[in-house]
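Novice: what would the 3D arrangement of this be:
(chains A and B)
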Amino acid sequence: MHNPLIASLFEELAALLEIQGANAFRVRAYRNAARTLESLSESAADIVATAGRSLTELDGIGQDLADKIKMIVETGALPQLEELRAQVPAGVVQMLRISGLGPKKVATLFHELGLTTLVDLKAACESGRVAELKGFGKKTAQSILDGIAHVEEAGSRVLISIARSAAEAIVSDLAQVAGVSQVSIAGSCRRRQETCGDLDILAIAEDSSLPMDRLERHPLVEKVLARGETKQRVRLRGGIELDLRVVPVESYGAAMQYFTGSKEHNIVIRRRAQERGLKLNEYGLFRGDEYVAGRTEAEVYAAVGLPFIPPELRENRGEIELAEAGSLPQLIELADIQGDLHMHTTATDGAATILEMAEAAKARGLKYIAITDHSKRVTMANGLDATRLRQHWRDIDKVRGQISGIEILCGIECDILEDATMDLDDEVLSEADWVIAVLHYGLKQPREQIMQRLLNAIRNPHVDAIGHPSGRLIGSRPSADIDYTTFLNAAAEHGVMLEINSCPSRLDLDDIQAAAAKSRGIPIVIDTDSHSVNGFDVLTYGVDQARRAGLTKHDVANALSWAEFSRRLKSR
DNA sequence: GCCGTTTTCGGCCCGACTGTTTTCAGTCG
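Specialist: Now for the predicted structure:
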């Protein structure tokens, strides 16, 4: 029983309790526990099994929740959850996904009309029965119908790459509106989360109607969902929703802080304000009615006794304690990256030649790259056997003579086969400058087999790094079942580097495991896995992921200069 | 349900917008 699964049971429990009208803080306690489990690097089951340790050492987990987790770990089930499921059908919980429907209204629909599925709900809206309920009405019924359609078609969250490009397009458009002196991205997009459920944009303007009018006419906007004096909500084509908030200049920092979140981070910040006799809201910091600060975010943080905290860290996962101690990491930046150690060429499934890739990398300021085409197991991509690989390396060697100012490593992305052997034998691997070992096939194998494969690769003396370790594709393919504690300890022991793959649909390692790798001193490589000359564009997402993990340039091997990196490679 | 050098009980962040209402509950972020 793994942490995300336990977390999902608590999330479900929280939703069920909410519909039953349970105390909101009790509901929150379950949600907090779910979050704690999700962001935990080690397995809760391991803590349960370790003598002398208790789950109550975790933030927000008391005796009751510790017992429940133990029950789940040991029996795979939770009687309380079974009971609630018997009382509230799954279709009723699903109704919570509809925008505008919260626990109270869902409970009314369930109890008053006996609705238990989205299909029933749709029919009840269309027949007019929903509009007759107390507290409902025609508009509510229509908005539920719209919400059902949206849930059916849109899925929910979009990748950060899609979210960012939409948000940046709208920001640059709104920046041109007369009277708009400042406009920025806030919310989860500014925190650079892997996916965004919606977008938040903040603007300073004397007259809020001007940017709002402009937004309504933007080609990306499909529908205006709400509009008031300071806030406007629209739905973009493709389904994602966007909030525009217009604030006065003296509130801009407070509003940026407020709307960047995360919710959990902000709760702690506002509590700190309270403790200092202050009130913090999106308009500023106030002592009584007196405005104290709020023009910049730094002012807000200073008023609660903290230095500015980078948005990527604002998850209430220890950043406030680090800030308080003056130990916030100096996060790595895109410009720190000196090399890229994972890319493909026309030799396998890439679209550009060795020389074209080298030139493109050089044009972006990179000082060294590794060409890492696929090994033979990846037949679909025309993977290389030993003979073709050695020829490919000779071709790379020729290109070295045609371009200066960039070093090119003869590398390989070698598959770790289902039987835990490497796709190429040690002899040819020993001739490589750089070997990145990866799982492509058999990702659904049981944990024991997956771990055997990863550990064998880590112990292979020719393997320099493990690429996209989990194999997940965000929103479509789940991770392989990895015991991260064992995996990270082995990588640390054998001096094997771990990749943060920058592809927006991979971002693998994730932030939690990358932070756990950092804590063990494992060097991280942030790679693009480019398949074309434009593939390097994604590097920014990998760097963002590293920032969310709290990595500095000293934690990242390809932030080293070529001289230092090549020295480290030789010393392995 | 959690948490605590003010506390083991009584707190637990804060405001905008909507729809259905005659003053506010529900939802959202």
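
Novice: count the residues that sit near residue A:343.
Specialist: 28 (other C-beta atoms under 10 Å). The way it works is simple: take the backbone N, C-alpha and C, and place the C-beta from them, glycine included.

Novice: with the one 5 residues further on instead?
Specialist: Burial of residue A:348 is recorded as 21 neighbouring residues (other C-beta under 10 Å).

Novice: surely it is in a strand?
Specialist: No - counting by DSSP: H, G, I helix; E, B strand; the rest coil, residue A:348 is located in no strand; its state is coil.

Novice: got the contact list for it?
Specialist: A:373-374, A:378, A:381-384 (C-beta atoms under 8 Å, 6 or more residues apart in numbering).

Novice: can you pull the pLDDT of the residue of the stretch 451-572 of chain A found nearest DNA strand B?
Specialist: Closest residue of the stretch 451-572 of chain A to DNA strand B, C-beta to the nearest atom of the strand: residue A:475 (18.3 Å). Per-residue confidence (pLDDT) for residue A:475: 70.

Novice: could you pull out the helices for the stretch 201-350 of chain A?
Specialist: A:209-217, A:252-260, A:263-275, A:297-303, A:319-324 (DSSP state H, counting those that start in this stretch).

Novice: and the closest residue to residue A:465 other than its chain neighbours, what pLDDT?
Specialist: Of all residues not flanking residue A:465 in the chain, residue A:497 sits nearest, at 4.0 Å (C-beta to C-beta, 6 or more residues apart in numbering). pLDDT, residue A:497: 97.

Novice: just grab the bridge partners of residue A:410 for me.
Specialist: On the basis of DSSP bridges, residue A:410 is bridged to residue A:371.

Novice: against residue A:241, how distant is it?
Specialist: Distance of residue A:410 to residue A:241, computed by C-beta to C-beta, to the nearest Å: 48 Å.

Novice: returning to what we had before: okay, the contacts of residue A:348 in a markdown table with neighbour count and pLDDT next?
Specialist: Below are the contacts of residue A:348 laid out as a markdown table (neighbours: other C-beta atoms under 10 Å; pLDDT from 0 to 100):
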| residue | neighbour count | pLDDT |
| --- | --- | --- |
| A:373 | 25 | 96 |
| A:374 | 25 | 95 |
| A:378 | 20 | 90 |
| A:381 | 19 | 86 |
| A:382 | 14 | 88 |
| A:383 | 24 | 91 |
| A:384 | 25 | 94 |
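
Novice: need the residues you listed in TSV (columns: distance to DNA strand B and secondary structure).
Specialist: Listed next are the contacts of residue A:348 as TSV, based on distance: C-beta to the nearest atom of the strand, whole Å; DSSP: H, G, I helix; E, B strand; the rest coil:
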residue	distance to DNA strand B	secondary structure
A:373	43	coil
A:374	41	strand
A:378	41	coil
A:381	40	helix
A:382	45	coil
A:383	44	coil
A:384	48	strand
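
Novice: I'd say residue A:199 and residue A:241 touch.
Specialist: Yes - at 7.3 Å, residue A:199 and residue A:241 qualify as touching, with contact defined as C-beta atoms under 8 Å.

Novice: apart from its chain neighbours, what residue comes closest to whichever residue of the stretch 301-450 of chain A sits closest to DNA strand B?
Specialist: Closest to DNA strand B within the stretch 301-450 of chain A is residue A:316: 11.0 Å, counting by C-beta to the nearest atom of the strand. Nearest-residue entry for residue A:316: residue A:264, 3.9 Å, with adjacent residues in sequence omitted and distances by C-beta to C-beta, 6+ apart.

Novice: what about that neighbour, how many residues nearby?
Specialist: By other C-beta under 10 Å, the residues close to residue A:264 number 14.

Novice: circling back: more neighbours, residue A:199 and residue A:241?
Specialist: Taking neighbours as other C-beta under 10 Å, residue A:199 and residue A:241 compare with residue A:199 leading, 25 against 19.

Novice: quick check: phi and psi on the more buried one?
Specialist: Torsion angles at residue A:199 (phi, psi; degrees, to the nearest 10) stand at phi -120, psi 150.

Novice: what's opposite it in the beta bridge?
Specialist: residue A:242.

Novice: now it: how far from DNA strand B?
Specialist: Residue A:199 is 9 Å from DNA strand B, where distance means C-beta to the nearest atom of the strand, to the nearest Å.

Novice: and residue A:218, by the same measure?
Specialist: From residue A:218 to DNA strand B the distance is 18 Å (C-beta to the nearest atom of the strand).
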